[in-house]
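Q: build the 3D model from these lines:
(chains A and B)
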Amino acid sequence: MNSVTTTLTKVLSKEFYRLNTGFFLLTGTLTFGFMSEVEHRALAQSFVSTPHLLMIPIGVWLLYGIKVLNFNLQQLSRIENQVLFNIPFLPFWEQARSVSMFLLWQLLPAIVYGIYLLRFAWSLPLNQSWISISISLVLLWSGSAFIMIRQLHYPHREKSVSFLKRFTDYQYPKPIIQIYVEWLLRRDPFMLAGSKIFAGLLIIGICSLYDAEYDGRLMSMTMTVVAMATIPIASHIQNFENLHVSWIKNLPVGPIRRYVWYLLVLILLLVPEIVVLFKNFPSHLHFHVLIVNILYALSLGACFFGLLHIKGTTLEKFTKVSFAIFISVIILILFKIPLLILTGINFATGFLIYHKYFYLFEPASEGTT
Amino acid sequence: MLEVSNFTKSYGDQTILTIDSLQLKPGVHLIKGDNGSGKTTFFKCLAGILPFKGRVSLDKLSLLESPIAYRYRVNFAEAEPLYPGFLTSKDLIRFIGKTKQASKDQQAWYTSKLGVDSFYEKACDTYSSGMMKKLSLVLAFLGNPKMIILDEPLITLDKQTREDLFALIRQKAETIFLLSSHQPIENNLLPINTTFIIHQKTLHVE
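A: Okay, the predicted model is just below:
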């Protein structure tokens, strides 16, 4: 590996895997933890059997490619990585080779699975499928390399604003709730989409398991897991308020109103889960169980938001605390403690802690200037 | 009047700044200090953005005991302001103007006075640092502040905006202005009432 590839690998590839360890662990657990080899083979054969089904893995590769490129472009915009803009001074083929090589590492999960599918398509034989897979992988790789090289050559292209954005910006000022939601959507769309897909599949899975022998406790435990998936959202919003727009603390807005802002953001972001729950809710459970469960998930999310503000909270400490809460509420649910009581406790605890610590909280990265 | 007493700001076990007693009347007060001396930290504490130990009050309203009422009266503009790129000046001026109870007429007046109207409906990610600075200055004047803290207000400002800013400051004679600046301020354009210097982790009158 030459020095340019080594540098790109260190700055972009290794960093990509390091920062996305959680994502890969979750994906690995979901794919290899729950499926046997026979099931993997059956799935691969079904993917390559028709062009329509083949669009599923190709779509996933495309999303993965966007995630990789998004990460790389963000890294390139960092001041400490400006040294990479010397790469265009190299001969073109050397640039292409270095960029292709480091991208190979980043795209490896998609390429390895592509080769796995290719083997089935070749052996069956399904000519259309193996040709489609080959072309998709080559396009994914070469297209990513082209975008990266273009970005390295033209790093400071003028930003253009779409007609739609100009029109909406002209028409109305954004309300604060939209500012929070839009920031989250732009900041970490994959986290948001991933948590929604995970929660949605979990709710569908549990609802399909339900029969008349189960009471509402299984649903409550499911909603506990759904609420756990809101922790990254709470953490992002807290970072937004304390690091990115710290001036927001100077505004004369009381903790109650700020807490309500967060709850409204959370309600908006939980709409997909609520819709899935409404559509799949077991028919023998009462309607009020559904409403209480939604309120309960919301209250747990609100409680986590409050806990994040305790002075001196680090991610490590918070992970321990949230795990302890998770286990505790599962036990309380199993012992039939009414969900409304847990909901009330969560809301009250979250608000009291938030009220006490909001102004006292200080992000770890604040420094002196 | 701004009153500060027994003020201490620390990060962990490292003390950044201590002030036994400080009283500021309406007028322009300049704080000087080397890079890293704690000027911005002090400003952020006064603006209610960072926590601290001690007592800070403005017109007898304590920052800790009356956090909302205090924040109505104190505005702050950062040295290098950053706003989410997808927001426009209009979004920010409307939002902050609403929380600071600034009328739309007042918002429009400052917007025009500091030259923000030419990019009012454009998203922040298309702004230069000078445009960002102008926007932050408009936001700092909104409402009815009794104290306006301007951290390095002159950097990236063009000559005309600089003069407009000084004129706006001169007009608000009943307001406390707390400024920091590494650039010289012409006394004929902006008379400074007091100049402080942060030295050895405390504030001295120069």
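
Q: check contacts around the residue nearest the centre of chain B.
A: Nearest residue to the geometric centre of chain B (Cα atoms, centre = their mean): residue B:149, 2.1 Å. Residues near residue B:149 by Cβ atoms under 8 Å, 6 or more residues apart in numbering or on different chains: B:43, B:46, B:47, B:74, B:75, B:76, B:77, B:140, B:177, B:178, B:179. In short, each C-beta sits where N, CA and C put it, glycine included.

Q: what about 6 Å?
A: B:43, B:47, B:76, B:178 (Cβ atoms under 6 Å, 6 or more residues apart in numbering or on different chains).

Q: so it: helix, strand or coil?
A: strand (DSSP: H, G, I helix; E, B strand; the rest coil).

Q: did I read that right, residue A:262 in a helix?
A: Yes - membership of residue A:262 in a helix is supported by three-state DSSP.

Q: for the nearest residue to it once chain neighbours are set aside, grab the count of nearby residues.
A: Nearest residue to residue A:262, sequence neighbours excluded (Cβ to Cβ, 6 or more residues apart in numbering or on different chains): residue A:305, at 5.6 Å. Using other Cβ atoms under 10 Å in any protein chain shown, residue A:305 has 25 other residues around it.

Q: kindly report the same for residue A:182.
A: 14.

Q: would you mark the buried spots in stretch B:62-73?
A: Neighbour-count burial for stretch B:62-73, counted by 16 or more other Cβ atoms under 10 Å in any protein chain shown, picks out B:63, B:67, B:70, B:71, B:72, B:73.

Q: which of these fall in helices?
A: Those of these mapping onto helices are B:67, B:70, B:71, B:72, B:73, per DSSP state H.

Q: contacts only, for the second one.
A: To tie it back to what came earlier, the one meant is residue B:70. B:61, B:63.

Q: hmm, back to that, past the host helix or strand of the residue nearest to residue A:262, which element shows up next along the chain?
A: Take DSSP states H and E as the rule and residue A:305 turns out to sit in helix A:287-308. Next helix or strand after helix A:287-308 toward the C-terminus (DSSP H and E): helix A:315-334.

Q: contacts for that following helix?
A: So helix A:315-334 is in contact with A:217, A:220, A:221, A:224, going by Cβ under 6 Å, 6+ apart.

Q: of all residues in the stretch 1-150 of chain A, which one is closest to chain B?
A: Closest contact between the stretch 1-150 of chain A and chain B, by Cβ to the nearest Cβ, is at residue A:77 (11.5 Å).

Q: now do that residue, the pLDDT please.
A: In this model, residue A:77 is scored at 80, pLDDT.

Q: now the ones in helices among the buried residues of stretch B:62-73 as JSON lines including pLDDT and distance to residue B:202?
A: Shown next, in JSON lines, are those (pLDDT from 0 to 100; distance: Cβ to Cβ, whole Å):
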{"residue": "B:67", "pLDDT": "91", "distance to residue B:202": "26"}
{"residue": "B:70", "pLDDT": "95", "distance to residue B:202": "23"}
{"residue": "B:71", "pLDDT": "94", "distance to residue B:202": "26"}
{"residue": "B:72", "pLDDT": "92", "distance to residue B:202": "29"}
{"residue": "B:73", "pLDDT": "94", "distance to residue B:202": "26"}
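
Q: straight-line length of stretch B:146-159, end to end?
A: End-to-end distance of stretch B:146-159 (Cα to Cα, to the nearest Å): 27 Å.

Q: off-centre distance for that stretch?
A: 7 Å (Cα atoms, centre = their mean, to the nearest Å).

Q: separation between residue B:60 and residue B:43?
A: Between residue B:60 and residue B:43 the distance is 21 Å, computed by Cβ to Cβ, to the nearest Å.

Q: what's the burial count for the closest residue to residue B:145 other than its chain neighbours?
A: The shortest distance from residue B:145 to any non-neighbouring residue, by Cβ to Cβ, 6+ apart, is to residue B:75 (4.3 Å). Neighbours of residue B:75 under the rule other Cβ under 10 Å: 25.

Q: confirm residue B:75 sits in a helix?
A: No - Residue B:75: not assigned to a helix; according to three-state DSSP it is strand.

Q: so it is in contact with residue B:139, correct?
A: No - between residue B:75 and residue B:139 there is no contact, the gap being 7.4 Å when judged by Cβ atoms under 6 Å.

Q: quick check: mean pLDDT of whatever helix or strand residue A:103 lives in?
A: Using DSSP H and E, residue A:103 maps to helix A:92-106. For helix A:92-106, mean pLDDT rounds to 89.

Q: return the list of helices and strands in contact with that helix.
A: helix A:3-8, helix A:127-153 (3 or more Cβ pairs under 6 Å, 6 or more residues apart in numbering or on different chains; DSSP states H and E).

Q: show me the shaky parts of chain A.
A: A:1, A:156-161, A:364-369 (pLDDT under 70).

Q: now stretch B:182-195: how far from the chain's centre is it?
A: 16 Å.

Q: list the buried residues for that stretch?
A: Residues B:185, B:190 are the ones in stretch B:182-195 that count as buried (16+ other Cβ under 10 Å).

Q: how long is that stretch end to end?
A: Start-to-end span of stretch B:182-195 (Cα to Cα) is 13 Å.

Q: stretch B:152-163 now?
A: Terminal-residue distance, stretch B:152-163 (Cα to Cα): 15 Å.

Q: show residues contacting that stretch.
A: By Cβ under 6 Å, 6+ apart, stretch B:152-163 touches B:79, B:129, B:130, B:133, B:180, B:181, B:183.

Q: list the buried residues for that stretch?
A: Quick answer for stretch B:152-163 (16+ other Cβ under 10 Å): B:152, B:153, B:154, B:156, B:157, B:161, B:162.

Q: just stretch A:234-241 next, same as before
A: By 16+ other Cβ under 10 Å, the buried positions in stretch A:234-241 come out as A:234, A:235, A:236, A:237, A:238, A:240, A:241.

Q: all helices of chain B, in order?
A: B:39-46, B:67-73, B:89-99, B:104-113, B:129-141, B:159-171.

Q: deepest of those, which one?
A: helix B:39-46 (a mean of 25; mean count of other Cβ atoms under 10 Å in any protein chain shown).
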